[in-house]
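Chemist: this one's sequence-less:
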């Protein structure tokens, strides 16, 4: 069980930002080792909370990086969250794929396109009325 967290700490900020970004949070006190604690405290508590870029801009940068690395599962998570949070609509998600294809190359873009389409299909399942408009 996790101990109380100081709301002003990087841990509290990180857990709140992780929940904002992904819709869930992970308490490092519940996970062995330091990896999760460093991720929550530094990546989400310090980097994602910096004021110069908003969450949508950071998400697009993350999508671009993951596309360049061919990280399909993580791309799908990012697209799903962007669609759910209205940071991207279906046309925007597909436009990201077209744009990034020209930077990451065709082989990597197939992973990118697949991840985007799976996230779009999952979002359509949640809101069936939108499915007909998105084809």
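Modeler: Right, received. Where do you want to start? Note that the structure is predicted; figures quoted are calculated from it, not measured. Numbering: from 1, shown residues only.

Chemist: Now tell me what touches the top helix by length along the chain from outside.
Modeler: Scanning the chain for the helix with the most residues, using DSSP state H, yields helix 106-126. With CB atoms under 8 Å, 6 or more residues apart in numbering as the test, helix 106-126 has contacts from 67-68, 70-73, 75-76, 79-80, 82-84, 90, 93-94, 96-97, 100-101, 104, 130-131, 134. All C-beta atoms are positioned from the backbone trio N, CA, C, and that covers glycine.

Chemist: What pLDDT is listed against residue 135?
Modeler: For residue 135, the model assigns a pLDDT of 50.

Chemist: Domain ranges for this protein, per the record?
Modeler: For the chain, automatic domain parsing gives the domain ranges 10-47, 55-134.

Chemist: how about a markdown table for those, with mean neighbour count added?
Modeler: Converted to a markdown table, those look like this (neighbours: other CB atoms under 10 Å):
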| stretch | mean neighbour count |
| --- | --- |
| domain 10-47 | 16 |
| domain 55-134 | 17 |
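
Chemist: so residue 11 makes contact with residue 28?
Modeler: Yes - contact criterion CB atoms under 8 Å: residue 11 and residue 28 qualify, at 7.1 Å.

Chemist: quick one: common contacting residues for those two?
Modeler: 37, 40-41.

Chemist: tell me the average confidence for the longest helix of the chain?
Modeler: 95.

Chemist: Kindly report the same for stretch 53-61.
Modeler: Rounded mean pLDDT across stretch 53-61 is 98.

Chemist: and the gap between the most centrally placed residue in the chain and residue 32?
Modeler: Computing the C-alpha centroid of the chain and ranking residues by CA atoms, centre = their mean puts residue 78 first, at 3.0 Å. From residue 78 across to residue 32, the span is 26 Å (CB to CB, to the nearest Å).

Chemist: ok, now residue 88?
Modeler: For residue 88, the distance to residue 32 - CB to CB - is 35 Å.

Chemist: Please apply the same query to residue 101.
Modeler: Look at residue 101 and residue 32: by CB to CB, they are 40 Å apart.
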